[in-house]
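Engineer: Make a model of this:
(2 chains)
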Amino acid sequence: MTTVLAPVEGAAVELAAVPDPVFSAGMVGPGAAIDPLREPGKAVAPIAGKIMKLHPHAYVIVGDDGRGVLVHLGIDTVQLKGEGFEALAAEGDRVGAGQPVVAWDPAAIEAGGRSPVCAVVALDADAAAVSRVAPGSVRAGEELFRWL
Amino acid sequence: MPERKVTVVADVGLHARPAATFVRAAAKAPMDVWIAKPGRDPVNAKSILQILALDVQQDETVVIKAEGDGADAVLDELANIAGSP
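Structural biologist: As a prediction, this is how the structure comes out:
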């Protein structure tokens, strides 16, 4: 069982609420999303492991058991080409669960006309293996969902 | 083993929607399906984790391989997805 932590502070919502069908339809995988607090913050690692991929707007952490979790900061944020994001770690680094990975400002993303909603996806997981998300406010580093 | 070489043209590369669509199609195939950057070790095309790790950018070329009954149809579909804008 993997406990997946909230990478950012905000309101936990179902993945279905993400305004991007790639995530809302579960095409990438099951998981949850967070409507983030609109203030500058640090997105943290949802699990302990190695940073397998680090883009400015998204990252994948792979645990020692081979399970990977994707954190995608905002919708269509790949178009920003890194502007507004600052990496706080490097690809290949080992991180603890809850360790800061990327600094960003959800309010600035929103001001630029994009949704800052943050998708957290259990990669290659069966939908049934992810517990339902308890909606409500979460802080970065608190439990978001469980991956059985 | 039958293979297709295809250049990824989507501006996001093989990420986001193209990656998810590609993996979904590959996962339906009855046989193993592999994808590689030329000269590199192939990865499991049915794994979104491995596809994201492969990190294929726009204008990069990939080789997709599969073997067995229906492999050509599977490869044609996957090459079409990977080669779509």
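Engineer: Verify the stated contact: residue A:121 with residue A:25.
Structural biologist: No: under the criterion of CB atoms under 8 Å, residue A:121 lies out of contact with residue A:25, with a separation of 11.9 Å. For glycine as for every other residue, the C-beta is placed from the backbone atoms N, C-alpha and C.
Engineer: So for the strand or helix carrying residue B:5, mean pLDDT?
Structural biologist: Element membership of residue B:5, judged by DSSP states H and E, is strand B:3-7. Taken as a whole, strand B:3-7 has a mean pLDDT of 97.
Engineer: Return the list of strands paired to it, each annotated with direction.
Structural biologist: When sheet partners are counted by DSSP bridges, strand B:3-7 sits next to strand B:61-66 (antiparallel).
Engineer: in the helix or strand that the partner strand is followed by, what counts as buried?
Structural biologist: Counting by DSSP H and E, the next helix or strand C-terminal to strand B:61-66 is helix B:71-82. Taking 16 or more other CB atoms under 10 Å in any protein chain shown as the basis for neighbour counts, the residues of helix B:71-82 that come out buried are B:71, B:74, B:75, B:77, B:78, B:79, B:81, B:82.
Engineer: higher neighbour count, residue A:121 and residue A:25?
Structural biologist: residue A:121 (30 against 12; other CB atoms under 10 Å in any protein chain shown).
Engineer: what's near enough to touch that one?
Structural biologist: Shown in contact with residue A:121 (CB atoms under 8 Å, 6 or more residues apart in numbering or on different chains): A:15, A:23, A:28, A:29, A:30, A:31, A:69, A:70, A:72.
Engineer: which residue sits closest to it, ignoring its sequence neighbours?
Structural biologist: residue A:31 (4.0 Å; CB to CB, 6 or more residues apart in numbering or on different chains).
Engineer: number of nearby residues for that neighbour?
Structural biologist: For residue A:31, the number of neighbouring residues by other CB under 10 Å comes to 28.
Engineer: what sits against residue B:25?
Structural biologist: Contacts were defined as CB under 8 Å, 6+ apart; by that measure residue B:25 touches B:74, B:77, B:78, B:81.
Engineer: how about 7 Å then?
Structural biologist: By CB atoms under 7 Å, 6 or more residues apart in numbering or on different chains, the residues touching residue B:25 are B:77, B:78, B:81.
Engineer: Near chain B, which residues of chain A are found?
Structural biologist: Residues of chain A that fall close to chain B, judged by CB under 7 Å from any CB of the partner chain: A:22, A:27, A:28, A:29, A:52, A:53, A:60, A:68, A:70, A:78, A:123, A:124.
Engineer: so can I have JSON lines of these showing neighbour count and pLDDT?
Structural biologist: As requested, the residues of chain A next to chain B are exported to JSON lines (neighbours: other CB atoms under 10 Å in any protein chain shown; pLDDT from 0 to 100):
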{"residue": "A:22", "neighbour count": "20", "pLDDT": "93"}
{"residue": "A:27", "neighbour count": "18", "pLDDT": "93"}
{"residue": "A:28", "neighbour count": "25", "pLDDT": "95"}
{"residue": "A:29", "neighbour count": "26", "pLDDT": "96"}
{"residue": "A:52", "neighbour count": "20", "pLDDT": "96"}
{"residue": "A:53", "neighbour count": "19", "pLDDT": "95"}
{"residue": "A:60", "neighbour count": "24", "pLDDT": "97"}
{"residue": "A:68", "neighbour count": "25", "pLDDT": "98"}
{"residue": "A:70", "neighbour count": "23", "pLDDT": "98"}
{"residue": "A:78", "neighbour count": "18", "pLDDT": "90"}
{"residue": "A:123", "neighbour count": "23", "pLDDT": "97"}
{"residue": "A:124", "neighbour count": "19", "pLDDT": "96"}
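Engineer: Alright, I will stop here.
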